[in-house]
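Asker: Sharing a sequence plus its predicted fold:
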Amino acid sequence: MASRVVRNKKTMSKTLTFSCVILCLFWVLSTAELQRFQHGAKEDGSLSLLVVGDWGRRGSYNQSQVALKMGIIGEKLDIDFVISTGDNFYDNGLTGVDDSAFDDSFTKIYTAPSLQKQWYNVLGNHDYRGDVEAQMSPVLKKLDSRWLCLRSFILDTEIAEFFFVDTTPFVDSYFTNPKDHVYDWRGILPRKAYLSNLLKDVDSALKKSTAKWKFVVAHHTIKSAGFHGITREIVDQLLPILEANNVDLYVNGHDHLLQHISSLHSPIQFLTSGGASKAWRGDVNWWDPKEMKFFYDGQGFMSMQITPTQLDIAFYDVFGQVLHKWGTSKKLYSAF
């Protein structure tokens, strides 16, 4: 009888130890900081890049034409890298790392010499309809060294920090009313804990940042006159964190258009670059003209040119023509 009690105690001890290990591992994973990547500025301290979104259609819907003009503008601006605002592969993401859509929609489309730079990609809602982990697999980087895609991460460029945020899990309707779509929620569930940790990580990273410029890149709209309009969950949960931490730009895709909103109630500039292939011509909702600096319901992309004291953006159409420019400046503060 005594030996049985001893064995039971040993079993309980092992079970408790194992449980503690699992709990500790969960705590470490759930409180881990966002992964950080470095991409240095040019020798003169400047940085230049293109922003494109909602593109992966094997070249159709003028994706190839937009890519051609991106290459020309990219060479002219001597870009350092490219940012994608998500929905990288239509209609339902990738089926796996061996899906030909990666080659047909990315490698074979963005062939210009100026576009052979690093691409930093976030996930969109259409990407979550396929094998979402395939897009984050190192296998794709072996297939095309330009590719880097994670859920959320930080890009430090010395003069600016880009905070890439995974916004698809915020949207309630993808969980409650998926409309016959199947979403790949591996790595997301339990959803409440995932979102809570993500918001804490973003808030912490923004607070720690000493960058002159802070830019947030995500897929979903916060403010938009396009089809999707306002994403209420992100407005309620993420926007207050961005405003409290002096973010300069919120850059997104999702609505298939080009857009610049300068809010009357927020210092953040809201920029949409989601016109890299299929555009939604005429699908426009009213927006306060005092806030709407630019709206174009066609195809195109955006550029950013950054120095420690100056930020300039431009939007281009499918013909490479400049449709809209905007700039702002910051003073350099001396320590003496």
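Answerer: Sure thing, it's come through. Numbers count the residues shown, from 1 in each chain.
Asker: OK, contacts around residue 234?
Answerer: The contact partners of residue 234, by CB atoms under 8 Å, 6 or more residues apart in numbering, come to 167, 170, 218, 220-222. The C-beta positions use only the backbone N, C-alpha and C, and glycine is treated the same way.
Asker: Please apply the same query to residue 68.
Answerer: Neighbour list for residue 68: residue 112 [criterion: CB under 8 Å, 6+ apart].
Asker: Need the contacts of residue 234 in CSV (columns: distance to residue 180).
Answerer: Supplementary listing: the contacts of residue 234 in CSV, determined by distance: CB to CB, whole Å:
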residue, distance to residue 180
167, 22
170, 21
218, 25
220, 21
221, 23
222, 27
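Asker: Could you point out which of the residues you listed is nearest to residue 39?
Answerer: Using CB to CB, the shortest approach to residue 39 within the contacts of residue 234 belongs to residue 218, at 18.7 Å.
Asker: Let me know how buried that closest one is, in neighbour terms.
Answerer: Residues contacting residue 218 under the criterion other CB atoms under 10 Å number 28.
Asker: In this structure it contacts residue 164, no?
Answerer: Yes. Look at residue 218 against residue 164 with CB atoms under 8 Å: they come within range, at 7.3 Å.
Asker: Now the common contact residues for these two.
Answerer: Jointly contacting residue 218 and residue 164 under the rule CB under 8 Å, 6+ apart are residue 122.
Asker: What are the boundaries of the strands in the stretch 101-250 of the chain?
Answerer: Listed from the start of the chain, the stretch 101-250 of the chain has strands (DSSP state E, counting those that start in this stretch) covering 118-121, 147-149, 153-156, 160-164, 213-217, 249-252.
Asker: where does this protein dip in pLDDT?
Answerer: Under the criterion pLDDT under 70, the flagged ranges of the chain are 1-32, 333-336.
Asker: quick one, helices of it?
Answerer: Per DSSP state H, the chain has helices spanning 2-30, 63-77, 101-102, 132-135, 138-143, 173-176, 191-208, 232-237, 239-244. These are given in chain order.
Asker: any idea how far the shortest one is from the chain center?
Answerer: Read it as helix 101-102. Averaged C-alpha coordinates place helix 101-102 at 19 Å from its chain's average position (CA atoms, centre = their mean, to the nearest Å).
Asker: What residues are bridge-paired with residue 35?
Answerer: Legend: beta-bridge partners of residue 35 under DSSP bridges are residue 153.
Asker: how many neighbours does it have?
Answerer: 11.
Asker: Verify the stated contact: it with residue 154.
Answerer: Yes. Look at residue 35 against residue 154 with CB under 8 Å: they come within range, at 7.2 Å.
Asker: joint contacts of those two?
Answerer: Between them, residue 35 and residue 154 share no neighbouring residue, with contact defined by CB under 8 Å, 6+ apart.
Asker: How about residue 272, nearest residue that isn't a chain neighbour?
Answerer: Taking CB to CB, 6 or more residues apart in numbering as the measure, residue 272 lies nearest to residue 259, with 3.9 Å between them; neighbours along the chain are not counted.
Asker: okay, now that neighbour: neighbour count?
Answerer: Residue 259 has 27 neighbours, counted by other CB under 10 Å.
Asker: got the contact list for the closest residue in space to residue 323 that isn't next to it in sequence?
Answerer: Setting aside the residues directly before and after it, residue 323 is nearest to residue 315 in space (CB to CB, 6+ apart), at 4.7 Å. Residue 315 makes contact with 258, 260, 273, 294, 296, 300-302, 322-325 under the criterion CB under 8 Å, 6+ apart.
Asker: let's go with 7 Å and repeat that
Answerer: 258, 294, 296, 300, 302, 323-324 (CB atoms under 7 Å, 6 or more residues apart in numbering).
Asker: okay but residue 64 is in contact with residue 109, surely?
Answerer: Yes. Between residue 64 and residue 109 there is a contact under CB atoms under 7 Å: 5.9 Å.
Asker: Compare those two and say which is more crowded by neighbours.
Answerer: residue 109 (23 against 16).
Asker: That one against residue 66, yeah?
Answerer: No. With contacts defined as CB under 7 Å, residue 109 does not count as touching residue 66, sitting 9.1 Å away.
Asker: For the strands of the stretch 101-250 of the chain, please prepare TSV with the additional fields mean neighbour count and distance to residue 73.
Answerer: Below are these laid out as TSV (neighbours: other CB atoms under 10 Å; distance: least, CB to CB, whole Å):
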stretch	mean neighbour count	distance to residue 73
strand 118-121	21	16
strand 147-149	21	21
strand 153-156	19	21
strand 160-164	25	20
strand 213-217	24	19
strand 249-252	26	17
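Asker: Compile the ones you listed into CSV and extend it with columns for distance to residue 330.
Answerer: Output for these, formatted as CSV (distance: least, CB to CB, whole Å):
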stretch, distance to residue 330
strand 118-121, 23
strand 147-149, 28
strand 153-156, 18
strand 160-164, 11
strand 213-217, 8
strand 249-252, 13
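Asker: I'd like to know which of the ones you listed lies nearest to residue 230.
Answerer: Ranked by CB to CB, the member of the strands of the stretch 101-250 of the chain that lies closest to residue 230 is strand 249-252, at 11.7 Å.
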